[in-house]
Each structure stands twice: as C-alpha cells, then as structure tokens.
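> Need coordinates for the below:
(one chain, ligands or ions: 1)
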Amino acid sequence: MSDLKTILKANNLKLGYRKGPKETVVAENISFELKAGELTCLLGPNGVGKSTLLKAIHGQNPPLEGDVLLEGKALSSFEQRCLARKISVVLTEKISSANLTVGQLVGLGRTPHTGWLGRLNPADKMIVENAISVTNTQYLHDRRLSELSDGQLQKVMIARALAQDGELMILDEPTAHLDLVNRYEVMHLLREIAQRQNKAILVVTHDLDIAIDTADQFWIMQCGAPLSTGSPEDLILKNKINLLLPSAILQFSKELGKVEPIVDRITVVIDGVMELRKWVILALRKANLERLDSFTKITINSEKDFTLDHQGHIYQLNSISEVIQKLKKSGL
Ligand SMILES: Nc1ncnc2c1ncn2[C@@H]1O[C@H](COP(=O)(O)OP(=O)(O)OP(=O)(O)O)[C@@H](O)[C@H]1O
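Coordinates of the predicted model:
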C-alpha cells in the first residue's frame, strides 16, 4: 500500500483553542497520514477532540503547534479559495438554505472553481450532474432541501462535496441520525467514491460495526495519547479496538466481531456447526448462562436442530430460544 499517494500529513500536532493569551490544549502528539484512494474513519469517545482535529485539517482552527501538510506544503500557506478547491467538508450543521433545490445546492459545490457569482460552464454542469448521479440522487434533483429526509440530505451534501472535486473529503459524523440502511448506504458510498475517484476521505463516526466493514484505515483517538492508526483488521488482531471501550466493562470480541460485556470465560461446551457457535454464545451471554457450573454441552446439528446435554438429560430442541428456555427452566 506504500505506493498510494499521500495527500495530507502531520507530525506531533498540538491541538486546541486560543482565546486571547489563554490556551486550552485538547490533544498533543497527534501524527497522521491520509492517502488517496482510502477511506479513513476517525473514532474516539465524545469530547476527545475529533472535531477539533477536523477543524485543524480543513484550516478552520489551526493547530496550536505544528503544521498540517497538504501535498507537502503547510496548510497555512494556502489561500482560502485554493484550499476550498482541494478540501471539501461536510459538517453536521443543519442547512440554512432550505429553499434551494438539490441541483442548486450541488451546483454550489463548484463555487471555489467559478467564483461566488460565477455561472456554471458546461464542464462544471457535467461535474455537478456526475456528482448527483454517483450519489444516486437524480430523483431528488428538483426537490427543495426542506423536503428531504435526513438520509437524502446527507447524500446530497456528499454530492455537493463531490462536485467541489478536491483531493480530500472530510465528513463529521455523516451517519448520525440515519437509520441502519442509510448508515450502510452512506458509508459504502464513501468507500466507493474513495476507491473509484481516488480521493482521500476522512470520516468521523461512532458506528464501529459499519466502520469496520467499510474503512481502509482507522484513527483511534484517546485522551492524552497519540492516535492509534492502522487497518481495522490489524487493530482488531492487536486488541487496539479495545482502546475505544471502558476496559473493565466492555471488550471487542475477535471471535464474535463485535463489542461484548466482559465476563469470565464461557464454561458451557459448544460443539457441532462452528459457524453458528457465536449466536449460541451470544444468547447464553444475554441470559447469563455461559458459566453454568454443572456439566452442560450444546451440540449444534443445524440451524433448527440442537442437542442439549444437561444434568444427565439429553434434549432435542429446534431453536436457540428453546435451548435457553430449557436451561432456565431446569432450575439453575
Ligand atoms: N471553540 C471552542 N473553544 C474552546 N474549547 C472548545 C471549543 N470547541 C470544542 N472545545 C472543547 O474541546 C474538546 C474537544 O471537543 P471536540 O468537539 O473536538 O470533541 P469530539 O471528540 O468531536 O466530541 P463529540 O464526539 O462529542 O463530537 C471539548 O472539551 C470541547 O469542550
């Protein structure tokens, strides 16, 4: 992967806010690299400084110390207009121009290229229509923004960022307030845009599952520590995903591929179809049955056929629920 082009880079940034002589430091020793063609997800607890880092990256609030380098040059050396041609930003604020149509809003993405009052030339119009088509929002073209659902609006905002046509796209929680399908759609859309259009895309998200499914890179931000970076898969294998979780209560299970409460090791023996094992473990955990002290064995014969060997009895059961019910009823 080392041949991917680096778009953005920084070493040892100190991030925070300055008000007169007063400096509030939010994060220190922040180093990173963003590459073309990759979707990177920035994850971390509320208040750790993710938005502050985004503001440093798009020039809204420069670092207290250190430089962000865009294509090798300090971000601070770029004129605002030039920066807008290179970095497009999608923030969470509600849109103020609710009367604009989708076509008009996406057209505004061309502003850094045409000037504030500039008209769109045929090439600009093509880029706008292409952005609308890539995001599958053609059917919304003439609708007003006030008439869109949250999911539709989010895709349209991505279309505007795409029309801006910078090398780097930054999005602050684009999946907040969206339902499950829209969250998947938006993240997969971003992944596709990164790959097909060779853009570097940085997304702040709290959706760990979807981020694992879609991101090429993770940046995990913790209080008072440097960013932990790497592919989600490597961070999972190195137990680094656990940095996002309160260590005494929750952990990321490599086996289940999800966050789970910390409990002692499971003592129930589970045998049979191993691909289905995780669902039995999950159900046992939820019912607090994974640490039965008497000898208990569950054999998974198929999705509809389970053999429970418990307290000297053998039961043939048709579902995980029946297994759980039987264990509960047998007076543990
Ligand atoms: N303009 C500001 N001036 C001073 N402090 C600020 C300002 N904006 C944010 N902060 C503080 O900086 C810290 C980091 O905030 P930030 O919004 O970057 O966190 P975050 O990780 O994005 O949180 P969340 O997940 O809740 O959005 C917080 O303590 C916040 O109160």
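
> and Glu260, that one's in a strand?
Yes. Using DSSP: H, G, I helix; E, B strand; the rest coil, the secondary structure at Glu260 is a strand.

> hey, what's the closest residue to it other than its chain neighbours bridged with?
Counting by C-beta to C-beta, 6 or more residues apart in numbering, Glu260 lies nearest to Ser253, which is 4.8 Å off, once chain neighbours are set aside. No exception for glycine: its C-beta is placed from N, CA and C like everyone else's. Applying DSSP bridges to Ser253 gives these bridge partners: Lys258.

> Tally up the residues packed near Ser253, please.
18 (other C-beta atoms under 10 Å).

> One more: Arg18?
For Arg18, the neighbour count with other C-beta under 10 Å is 11.

> and if you look at Asp309?
By other C-beta under 10 Å, neighbour count at Asp309 equals 15.

> mind checking how far Lys86 is from Asp305?
59 Å (C-beta to C-beta, to the nearest Å).

> Could you check which of the two has the larger neighbour count?
Comparing Lys86 with Asp305 by other C-beta under 10 Å, the one with more neighbours is Lys86, at 19 against 14.

> next one: phi and psi at the spatially closest residue to the more buried one that is not a sequence neighbour?
Of all residues not flanking Lys86 in the chain, Gly166 sits nearest, at 4.5 Å (C-beta to C-beta, 6+ apart). Backbone dihedrals for Gly166, given as degrees, to the nearest 10, come out at phi -90, psi 170.

> Neighbours of Gly166, how many?
Other residues lying near Gly166 total 22 when counted by other C-beta under 10 Å.

> Could you pull out the helices in the stretch 51-200 of the chain for me?
80-86, 102-108, 111-114, 122-134, 150-164, 180-196 (DSSP state H, counting those that start in this stretch).

> Mind listing residues that contact the helix-or-strand element of the chain with minimal mean pLDDT?
Here the helix or strand of the chain ranked lowest by mean pLDDT, DSSP states H and E is strand 258-261, holding a mean of 78. Contacts to strand 258-261, defined as C-beta atoms under 8 Å, 6 or more residues apart in numbering, come from residues Leu208, Asp209, Leu245, Ile249, Leu250, Gln251, Phe252, Ser253, Leu282, Arg285.

> among those residues, which one has the lowest pLDDT?
Among the contacts of strand 258-261, Ile249 carries the weakest pLDDT, at 73.

> Now do the same contact list for that residue.
Pro261, Ile262.

> Distance-wise, check it relative to Ser228.
Ile249 is 20 Å from Ser228, by C-beta to C-beta.

> Mind pulling the model confidence for Val263?
Value listed for Val263 in the pLDDT field: 62.

> ah, wrong one, I meant Trp116
Trp116 is given a pLDDT of 61.

> same check, this time on the one 10 residues further on
On the pLDDT scale, Met126 is placed at 91.

> and of the contacts of strand 258-261, the nearest to Gly16?
Checking the contacts of strand 258-261 against Gly16 with C-beta to C-beta, the nearest one is Leu245 at 25.6 Å.

> which residues touch stretch 129-149?
So stretch 129-149 is in contact with 95, 97-103, 105-106, 109, 152-153, 155-156, 158-160, 162-163, 189, 192-193, going by C-beta under 8 Å, 6+ apart.

> Now list the buried members of the residues you listed.
Buried residues within the contacts of stretch 129-149, counting neighbours by 16 or more other C-beta atoms under 10 Å: 100-103, 105-106, 109, 152-153, 155-156, 158-160, 162-163, 189, 193.

> how deep is the nearest residue in space to Phe252 that is not next to it in sequence tucked in, by neighbour count?
Nearest non-adjacent residue to Phe252, counting by C-beta to C-beta, 6+ apart: Ile241, 4.1 Å away. Neighbourhood size, Ile241 [other C-beta under 10 Å]: 22.

> and what of Glu303?
Counted with other C-beta under 10 Å, Glu303 comes out at 12.

> hang on, it packs against Trp279?
No. In this structure Glu303 lies outside contact range of Trp279 using C-beta atoms under 8 Å: 9.1 Å.

> quick one: buried residues of stretch 207-226?
Buried residues in stretch 207-226 (16+ other C-beta under 10 Å): 207-208, 210-212, 214-222.

> Output these as TSV; include the columns secondary structure and distance to the ligand.
As requested, the buried residues of stretch 207-226 are arranged in TSV below (DSSP: H, G, I helix; E, B strand; the rest coil; distance: C-beta to the nearest ligand atom, whole Å):
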residue	secondary structure	distance to the ligand
Asp207	coil	12
Leu208	helix	13
Ile210	helix	16
Ala211	helix	14
Ile212	helix	18
Thr214	helix	19
Ala215	coil	17
Asp216	coil	21
Gln217	strand	18
Phe218	strand	15
Trp219	strand	12
Ile220	strand	12
Met221	coil	7
Gln222	coil	11
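
> All good on my end, thank you.
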